[in-house]
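**Q** can you look at this prediction? I've put the sequence above it.
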Amino acid sequence: MPLRNRIGRGDIPSFVDGFAGFFPDRRRCYTFRRGLSPPNTYFLRAGLTGKAGASGGLVCSSMPLYEEPSNGLPALTLLLAFILFIAGFVSGAVNAVAGGGTFITFGALSLAGIAPISANATSSIAQFPGYVSSTLAYWADIKAMWRGALIFCIVSAAGALAGALILLSLDNPSFRSMVPWLLIAATALFAAGPWLKPKPRAADGAGGNPMVGRLVQFLTSIYGGFFGAGMGIMMLATLGLTERGDYHHLNALKNMLSIVIAAVAIVVFVSGGVIAWYEAIVMIPGVAAGGYAGVWIARRVPQNAVRGFVIAVGLFLAGYYFVTG
């Protein structure tokens with residue numbers, strides 16, 4: 001795997017500070033390139049731009065940092081690929097039954113050694129097909145509401161953009177220190193999910209202040225772009241407090257806005273180069289297969305048992321990050 005998916009872009013400056021410290025009067029630059037000799041070796045180029053009067057251009061010193069196998073493939077073993085596929089399958093099934101599949105994908109990527117920022121971004125990619133399929137299930141409702149929901153889509157896109165950019169502005173150590181607290185909050189939110197479901201309300205009933213609803217959605221979208229675990233439960237609860245309509249109407253709106261938030265965040269993450277693509281490619285088919293199998297599982301496994309499993313995973317991951325962080 002490219003080194004930037006292991007150490008994260010935010011770690012690069014600190015990694016070469018020692019090199020650039022010898023030239024305090026020059027501006028630093030950091031880029032990755034694949035070396036030709038030896039083959040398949042990734043180099044970090046620490047470039048130093050000269051002062052006025054220098055010859056100009058970019059003078060770089062290259063240091064070999066990570067070497068791929070000779071066949072050009074990343075260090076992703078068949079066993080690890082199988083584990084990630086199973087994690088994706090379990091995630092898709094859990095989402096179909098009770099929600100909370102993000103805990104599974106993020107946890108599997110973290111335990112596989114992916115840096116926290118890349119694990120979070122890659123998990124967003126892996127979960128995206130599930131957002132699309134769940135939205136298609138409410139297609140009739142969405143066609144009837146899309147004009148009124150357009151402003152919510154715009155607000156959600158702006159919030160997701162802000163959240164994703166905030167994430168990329170952090171380095172991995174800073175984000176890692178936040179992860180256990182985010183996981184505890186998301187696990188608590190997930191555990192309280194049954195009590196946070198909106199109460200039935202007629203479509204022509206009294207709704208909340210529209211501006212308040214949009215502001216709350218903007219804040220929820222920032223969280224969704226930044227981390228995302230528990231976002232659906234949070235959004236359904238806030239929409240139930242501020243919007244009109246029955247549960248299915250609000251759930252359809254939530255699913256549509258989840259696509260917007262995830263799509264914007266994914267574009268930012270891809271442009272930021274923090275996606276672990278090989279792991280994502282392995283997990284996505286598993287998530288899709290698990291979502292399909294979730295219908296069969298839902299008829300045989302009590303929802304409370306699945307919810308308990310997700311809560312246990314969330315608490316385990318939080319403890320893992322507390323201990324290793």
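**A** Done, it's in.
**Q** ok, which stretches of the protein are strands?
**A** For the chain, applying DSSP state E gives strands covering 27-35, 41-49, 58-67.
**Q** my guess is N172 contacts I117, does it?
**A** Yes: assessed by CB atoms under 8 Å, N172 is found in contact with I117 at 5.5 Å. No exception for glycine: its C-beta is placed from N, CA and C like everyone else's.
**Q** tell me which of the two has more neighbours.
**A** Ranked by neighbour count (other CB atoms under 10 Å), N172 and I117 place I117 first, with 26 against 20.
**Q** quick one, domains of the protein?
**A** Structural domains assigned to the chain are 4-67, 78-324, following automatic domain parsing.
**Q** next, count neighbours for A188.
**A** 14.
**Q** from I222, how far out is it?
**A** 19 Å (CB to CB, to the nearest Å).
**Q** over to V94?
**A** According to CB to CB, V94 and I222 sit 25 Å apart.
**Q** more crowded one of these two?
**A** The neighbour comparison of V94 against I222 (other CB under 10 Å) goes to V94, with 25 against 21.
**Q** does that one touch V306 like I think?
**A** Yes: V94 lies in contact with V306 (CB under 8 Å); the separation is 6.0 Å.
**Q** the chain: helices as residue ranges?
**A** Secondary structure of the chain by DSSP state H: the helices cover 4-7, 12-20, 78-97, 101-111, 116-136, 139-169, 172-191, 193-196, 210-226, 231-242, 247-272, 277-298, 303-324.
**Q** low-confidence ranges, this structure, go.
**A** 1-76, 98, 198-209, 295, 298, 325 (pLDDT under 70).
**Q** number of nearby residues for N304?
**A** Per other CB under 10 Å, the neighbour tally for N304 reads 10.
**Q** pull the number of nearby residues for the residue lying closest to F218 once chain neighbours are set aside.
**A** Spatial nearest neighbour of F218, chain neighbours left out: G159 (4.4 Å); criterion: CB to CB, 6 or more residues apart in numbering. Residues near G159, counting by other CB under 10 Å, number 27.
**Q** what sits against G159?
**A** Contacts for G159 were tallied using CB atoms under 8 Å, 6 or more residues apart in numbering; they are 217-222, 224-225, 261.
**Q** would you confirm that V132 contacts S258?
**A** No: applying CB under 8 Å as the test, V132 and S258 come out as separate, 9.5 Å apart.
**Q** between these two, point out the one with more neighbours.
**A** S258 (26 against 14).
**Q** contacts only, for the residue nearest to L167 when sequence neighbours are not counted.
**A** Spatial nearest neighbour of L167, excluding adjacent residues (CB to CB, 6+ apart): F226 at 5.1 Å. F226 makes contact with 163-164, 166-167, according to CB under 8 Å, 6+ apart.
**Q** same list (the residues you listed) but as a markdown table, adding distance to A312 and neighbour count.
**A** Shown next, in a markdown table, are the contacts of F226 (distance: CB to CB, whole Å; neighbours: other CB atoms under 10 Å):
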| residue | distance to A312 | neighbour count |
| --- | --- | --- |
| G163 | 27 | 25 |
| A164 | 29 | 28 |
| I166 | 29 | 13 |
| L167 | 26 | 24 |
